[in-house]
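[1] coords below, sequence missing:
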């Protein structure tokens, strides 16, 4: 799951630190399938963002 969060947080843009923290907490509660769907909607080829 850590890798999924890293990919998401790297690709989603949050202007405010508090917004980024809230978004991470929201995504943490999601199941794996929902996280994968979000990643694929942003980065369908799963290209490395690190």
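    That came in fine, so what should we check first? None of these values were measured; they are calculated from a predicted model.

[2] where does residue 44 fall, helix, sheet strand or coil?
    The three-state assignment at residue 44 reads coil, by DSSP: H, G, I helix; E, B strand; the rest coil.

[3] Tally up the residues packed near it, please.
    8 (other Cβ atoms under 10 Å). (Each C-beta comes from the backbone N, C-alpha and C, glycine too.)

[4] Look up how far residue 33 lies from it.
    Residue 44 is 16 Å from residue 33, where distance means Cβ to Cβ, to the nearest Å.

[5] Same question for residue 20.
    Per Cβ to Cβ, residue 20 is found 23 Å from residue 33.

[6] Who has more neighbours out of these two?
    Shown here are residue 20 and residue 33; by other Cβ under 10 Å, residue 20 has more neighbours (14 against 8).

[7] Distance check, that one against residue 26.
    11 Å.

[8] now residue 33
    Distance of residue 33 to residue 26, computed by Cβ to Cβ: 16 Å.

[9] Report the buried residues of the helix or strand containing residue 24.
    Using DSSP states H and E, the element containing residue 24 is helix 17-28. Of the residues in helix 17-28, residue 27 count as buried by neighbour count, 16 or more other Cβ atoms under 10 Å.

[10] Can you name every helix or strand that that helix contacts?
    In terms of contacts (3 or more Cβ pairs under 8 Å, 6 or more residues apart in numbering; DSSP states H and E), helix 17-28 is packed against helix 2-11.

[11] can we see that at 10 Å?
    helix 2-11, helix 32-42 (3 or more Cβ pairs under 10 Å, 6 or more residues apart in numbering; DSSP states H and E).

[12] got the angle for it vs helix 32-42?
    Orientation check (axes from the mean of the first three to the mean of the last three Cα atoms, to 10 degrees): helix 17-28 against helix 32-42 gives 130 degrees.

[13] Give the rounded mean pLDDT of helix 17-28.
    Across helix 17-28, pLDDT averages out at 84.
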